[in-house]
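> from the sequence below, what's the structure:
(one chain, ligands or ions: 2)
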Amino acid sequence: MPRFLSSRPDSRLIPLPWEVPLAEWPIEHLVALPRGISRHVVRFIKVGSSVYAAKEVIEDLAIHEFRMLTDLHRTDTPAVEPLAVVTGRTSVDGEPLDPVLVTRHLEFSLPYRSLFAQGVRPDTVGRLLDAMVVLLARLHLVGFLWGDVSLSNILFRRDAGEFAAYLVDAETAEMHETLTRGQREHDLSIATTNLFGEFSDLEAGQMLDDSLDPLKLVESIITRYRELWAELTGAEEFSDREVFRIENRVRRLNALGFDVAELAIDTSADGSTIRIQPKVVDAGHHTRRLLRLTGLDVEEHQARRLLNDLDTFRARTNQSHVDESVVAHQWLTQCFQPVVTAVPPELRGKRESAQIYHEVLDYRWYASQRENREVPLLDATWGYIQDVLRALPDEAMTDTRPIGDDRQLANPFDPSQGFVDDEGPMPVDPWELEEEPETRPGFLDIEALRAARKAT
Ligand SMILES: Nc1ncnc2c1ncn2[C@@H]1O[C@H](COP(=O)(O)OP(=O)(O)O)[C@@H](O)[C@H]1O
Ligand SMILES: [Mg+2]
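Ligands and ions are numbered 1, 2, ... in the order given. The predicted structure follows:
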């Protein structure tokens, strides 16, 4: 009899065929969705109208990962949401089966390979790295040592013109009160090793723009991370005539999407120098403000874009004296909602609502430039739906075929098995180069990965 470990149990999970190894589950329970490469058997399962990711993994790791993801969820750090661990599984012949970790499928998320298969412009690669670095810094701020930083373990969601990165694999992670510099450097060095491998594979598969060099790309991660970390946590000293620098620091942090919850301000004995250091920073500055004003819960850059539009709306309607939340409600019902409801239901799976609104604003800007007039919002929406949205691939729920690739997968539920024609680049995963490394909780098996890489 399987046991369910869960803080928010979903009773619809109970009747699923837990006595069958995940790899052999009947397809009526499965959905084919884009997925990164993995060591374990991972399947997307349908439960009523919800979609969950299921990963078959040994008990210690399943429970450890469940706890790590729960901690991240509690600290509001972007990661997939844990739902349950199903243990005590036995096959019909009484053979024990590994437990299954169930997480909520992260809607509109893209594994990096699906992104690269569509063709990625060089500056987009920089945006992906920025998103990854923000994720790493946010994890480190809450004391989370990842231990397995790699593109395969990140999911990307569109966030206005940028990307938001989510952690998907927390097996090797450890939660600490705070991280030492050495621990953070450890994650960084794992990131550079893994990403170098991943970028080299993309290069070999001709999916990386010629102007990009894997080595330079991974070097830039270190620079980007150190700059961000210094801005988020570094101390700053200045004279008492430069008090405005406190305000400047807070503004710069806000611009990076962080709020300062606690700022330590120390003044020297004679009062001539001031030292400031952010003690607690919370990510999601714009997200929180938009949520408070409108109830919309969106990514950080999307929130910034929508807030700008709200400010423009306020100015255009001459309401600078009116309470902000009142104007926000008008904006929601007169601008945002009409655009979102204008999208025909069959096209809703292409983009998230906030992303559609952002793209409509872009579309309107270009149309207005072209036509030399202010194009009304709904006209721009119709134009966008016809000219742009219809042509886009679905991103909420697509089949696993990498977008822009017509080849057929050998097993649509398991992209790691490659393509039917078996020609052209196969997804390569360093983990597949050798026998599965020994995995123990607390043991960063990344060393095995490095050794395997070196050996080839
Ligand atoms: N909750 C989820 N939502 C969307 N995709 C997921 C989810 N969980 C796993 N995946 C996909 O499955 C892949 C493998 O999952 P992961 O936890 O990294 O397995 P492994 O431990 O075997 O590496 C990920 O790269 C991701 O593409
Ligand atoms: Mg993984």
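> the residue of the stretch 151-300 of the chain found nearest ligand 2 and Val86, how far apart?
Nearest residue of the stretch 151-300 of the chain to ligand 2, counting by C-beta to the ion: Asp169, 3.6 Å away. The C-beta positions use only the backbone N, C-alpha and C, and glycine is treated the same way. Distance, Asp169 to Val86, using C-beta to C-beta, to the nearest Å: 18 Å.
> which residues in the stretch 301-450 of the chain form helices?
Ranges of helices within the stretch 301-450 of the chain are 324-331, 337-342, 353-371, 377-387, 446-455, based on DSSP state H, counting those that start in this stretch.
> the closest residue to ligand 1 within the stretch 1-150 of the chain: what secondary structure?
Nearest to ligand 1, among the residues of the stretch 1-150 of the chain, is Gly36, at 2.4 Å (C-beta to the nearest ligand atom). Under DSSP: H, G, I helix; E, B strand; the rest coil, the three-state class of Gly36 is coil.
> what sits against the residue nearest to Gly284 when sequence neighbours are not counted?
Of all residues not flanking Gly284 in the chain, Glu300 sits nearest, at 6.1 Å (C-beta to C-beta, 6 or more residues apart in numbering). Contacts for Glu300 were tallied using C-beta atoms under 8 Å, 6 or more residues apart in numbering; they are Asp159, Ala164, Gly257, Ala283, Gly284, His285, His286, Thr287.
> who wins for most neighbours among those?
Asp159 (25 neighbours; other C-beta atoms under 10 Å).
> which pLDDT value belongs to the residue lying farthest from the centre of the chain?
Largest separation from the mean C-alpha position in the chain: Asp270, at 47.6 Å (C-alpha atoms, centre = their mean). In this model, Asp270 is scored at 92, pLDDT.
> and what about it, helix, strand or coil?
Under three-state DSSP, Asp270 falls in the coil class.
> ramachandran coordinates for it?
The phi/psi pair for Asp270 (degrees, to the nearest 10) reads phi -90, psi 0.
> same deal with Thr172?
According to degrees, to the nearest 10, Thr172 has phi -90, psi 10.
> the nearest residue to it once chain neighbours are set aside sits in which helix or strand?
Excluding its sequence neighbours, the residue lying closest to Thr172 (C-beta to C-beta, 6+ apart) is Gly147, at 3.5 Å. Take DSSP states H and E as the rule and Gly147 turns out to sit in neither a helix nor a strand.
> buried ones in stretch 199-212, by neighbour count?
Phe199, Ser200, Asp201, Leu202, Glu203, Gly205, Met207, Leu208, Asp209 (16 or more other C-beta atoms under 10 Å).
> what does stretch 85-105 give?
Buried residues in stretch 85-105 (16+ other C-beta under 10 Å): Val85, Val86, Thr87, Arg89, Leu97, Asp98, Pro99, Val100, Leu101, Val102, Thr103, His105.
> is any residue of that stretch near ligand 1?
Yes. Stretch 85-105 is in contact with ligand 1 by C-beta under 6 Å from any ligand atom, via Thr103, Arg104, His105.
> ok, residues contacting that stretch?
1-6, 13, 18-22, 33, 44-45, 50-59, 62-63, 65-66, 69, 80-84.
> end-to-end on that stretch?
End-to-end distance for stretch 85-105, by C-alpha to C-alpha, to the nearest Å: 15 Å.
> that one near ligand 2 at all?
No. Against ligand 2, stretch 85-105 shows no contacts by C-beta under 5 Å from the ion, the least distance being 11.7 Å.
> show me how far that stretch is from its chain's centre.
Centroid displacement of stretch 85-105 relative to its chain, using C-alpha atoms, centre = their mean, to the nearest Å, is 27 Å.
> buried only: go through the contacts of stretch 85-105 for me.
For these, a burial check counting by 16+ other C-beta under 10 Å picks out 2, 4-5, 13, 18, 21-22, 33, 44-45, 51-57, 62-63, 65-66, 69, 80, 82-84.
> narrow these to those in helices?
Ala62, Ile63, Glu65, Phe66, Leu69 (DSSP state H).
> tell me how far the last one lies from ligand 2.
Counting by C-beta to the ion, to the nearest Å, the gap between Leu69 and ligand 2 amounts to 13 Å.
> quick one: average pLDDT of stretch 24-33?
Taken as a whole, stretch 24-33 has an average pLDDT of 92.
> check which residues of that stretch are buried.
So, applying 16+ other C-beta under 10 Å, buried residues of stretch 24-33: Trp25, His29, Leu30, Val31, Ala32, Leu33.
> not counting sequence-adjacent ones, nearest residue to the fourth one?
Excluding the flanking residues, the one nearest Val31 by C-beta to C-beta, 6+ apart is Phe44, at 4.6 Å.
> contacts only, for the one you found.
Taking C-beta under 8 Å, 6+ apart, we find Phe44 in contact with Leu30, Val31, Ala32, Leu33, Arg35, Val51, Tyr52, Ala53, Ala54, His105, Phe413.
> how about the residues of this protein by ligand 2?
Neighbours of ligand 2 within the chain, by C-beta under 5 Å from the ion: Ser38, Asn153, Asp169.
> rerun that using 8 Å as the cut-off
Within the chain, the positions lying close to ligand 2 (C-beta under 8 Å from the ion) are Gly36, Ile37, Ser38, Arg39, His40, Asp148, Ser150, Ser152, Asn153, Val168, Asp169, Glu171.
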